[in-house]
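Undergrad: Fold the following and give me the result.
(one chain, ligands or ions: 2)
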Amino acid sequence: MTQKVAVLGTGKIGEALLSGMIRAGWAPADLLVTARRPERAEELRARHGVTPVTNAEAAKTADTLILTVKPQDMGTLLDELAPHVPADRLVISGAAGVPTDFFEERLTPGTPVVRVMTNTPALVDEAMSVISAGTHATAEHLAHAEEIFGAVGKTLRVPESQQDACTALSGSGPAYFFYLVEAMTDAGILLGLPRDKAHDLIVQSAIGAATMLRDSGEHPVKLRENVTSPAGTTISAIRELENHGVRAALIAALEAARDRSRELASGNNG
Ligand SMILES: NC(=O)C1=CN([C@@H]2O[C@H](COP(=O)(O)OP(=O)(O)OC[C@H]3O[C@@H](n4cnc5c(N)ncnc54)[C@H](OP(=O)(O)O)[C@@H]3O)[C@@H](O)[C@H]2O)C=CC1
Ligand SMILES: O=C(O)[C@@H]1CCC=N1
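TA: Ligands and ions are numbered 1, 2, ... in the order given. A predicted model of the protein is given here:
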């Protein structure tokens with residue numbers, strides 16, 4: 001029997017996942033989407049050939065429900081969904097912070113829930129998706145979640161207690177690299193380069209460095225040492241990074257992201 005998958009609250013992450021599933025071979029006819037605004041639903045139908053439905057219809061029809069609304073909207077969505085979700089549905093949450101017991105307390109007792117933290121490189125099939133089982137999720141449910149999120153990149157199983165830390169590292173991670181590229185491009189402007197050339201130099205350096213990190217098997221320290229010549233240019237730059245506490249700032253930044261993920265769990269919508 002064909003398995004139907006519904007993405008509920010199809011915004012940036014929901015659409016990235018959906019498009020990746022279609023690229024990986026899922027039939028659009030087996031994919032349902034929900035959106036808050038009718039024009040958004042029509043946009044998704046036109047772009048991907050998927051079927052817009054209501055949240056209640058999705059719950060009744062699809063075998064797997066992937067909830068990709070903002071954490072702050074999850075309670076309202078669950079209030080609407082709960083009466084319509086039979087306990088044999090697999091519910092996958094893509095929201096930051098929200099623990100599986102939040103869903104288990106609101107859904108039919110025994111409903112399997114899987115929590116996933118993916119990231120925006122899903123758009124280019126280079127996502128990092130971190131997957132944890134709730135109380136009633138079996139190995140089969142985890143494998144199904146891996147199959148879905150494997151369509152857009154790598155997957156890793158972790159205990160749910162590590163999800164907030166993973167959210168800080170890989171969920172938010174792409175933003176830190178974009179921020180660095182933005183700052184390094186500004187430095188290029190300061191040094192007199194045109195913005196477009198500075199951008200290209202930094203982006204290609206980032207791609208080269210990322211490829212070496214992934215493929216060389218070398219530790220990042222060794223890769224950096226290979227660039228850092230005695231009395232050369234790189235060590236002059238590294239000294240400034242250390243003087244300005246960039247390493248400490250990164251550690252503090254990721255700790256703050258982890259803490260914010262925990263706060264989202266406790267319903268602090270600040
Ligand atoms: N952005 C990122 O990098 C990452 C985000 N996440 C998580 O993914 C989730 C989605 O984030 P993102 O895609 O950025 O957010 P978006 O705001 O782009 O997507 C959420 C979508 O849900 C819709 N929505 C809200 N409530 C309902 C409802 N009751 N029924 C149907 N649709 C609804 C919103 O509609 P409307 O357009 O009208 O607001 C919006 O389109 C969040 O929980 C976030 O924590 C996880 C990893 C990375
Ligand atoms: O900033 C956020 O809350 C979301 C979750 C991870 C990335 N973006």
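
Undergrad: now for the longest strand along the chain, which elements pack on it?
TA: Longest strand in the chain, counting residues (DSSP state E): strand 127-133. Counting contacts by 3 or more CB pairs under 8 Å, 6 or more residues apart in numbering; DSSP states H and E, strand 127-133 is packed against strand 113-117, helix 139-150, strand 153-157, helix 163-166. (Glycine included, C-beta is placed from N, CA and C.)

Undergrad: Which of those sits closest to ligand 1?
TA: strand 113-117 (5.7 Å; CB to the nearest ligand atom).

Undergrad: List the contacts of V33.
TA: By CB atoms under 8 Å, 6 or more residues apart in numbering, V33 lies in contact with 6-8, 10, 14, 18, 41, 44-45, 50-53.

Undergrad: Within range of ligand 1, give me the residues from the stretch 51-200 of the chain.
TA: Within the stretch 51-200 of the chain, the positions near ligand 1 by CB under 6 Å from any ligand atom are 55, 68-71, 73, 76-77, 94-96, 117-120, 171.

Undergrad: what sits against R23?
TA: Taking CB under 8 Å, 6+ apart as the test, what R23 contacts is D125, A151.

Undergrad: thinking again about what came up before, each with direction, which strands does the longest strand of the chain pair with?
TA: Strand pairing for strand 127-133, using DSSP bridges, gives strand 113-117 (antiparallel), strand 153-157 (parallel).

Undergrad: Of all the residues in the last one, which ones are buried?
TA: Of the residues in strand 153-157, those buried by neighbour count under the rule 16 or more other CB atoms under 10 Å are G153, T155.

Undergrad: mind checking which of the helices and strands packed on strand 127-133 is nearest ligand 2?
TA: Between the helices and strands packed on strand 127-133, strand 113-117 lies closest to ligand 2; by CB to the nearest ligand atom that is 6.8 Å.

Undergrad: Is ligand 2 within reach of the closest one?
TA: No. Contact of strand 113-117 with ligand 2 (CB under 6 Å from any ligand atom) is absent, the minimum separation being 6.8 Å.

Undergrad: same deal with stretch 7-22?
TA: No. Residues of stretch 7-22 are not located near ligand 2 by CB under 6 Å from any ligand atom, the shortest gap being 8.2 Å.

Undergrad: mean confidence for that stretch?
TA: Mean pLDDT, stretch 7-22: 97.

Undergrad: Dump the strands paired with strand 127-133 into CSV; add mean pLDDT as well.
TA: Below are the strands paired with strand 127-133 laid out as CSV (pLDDT from 0 to 100):
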stretch, mean pLDDT
strand 113-117, 98
strand 153-157, 98
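
Undergrad: need those in CSV with distance to D30, can you?
TA: Converted to CSV, the strands paired with strand 127-133 look like this (distance: least, CB to CB, whole Å):
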stretch, distance to D30
strand 113-117, 19
strand 153-157, 21
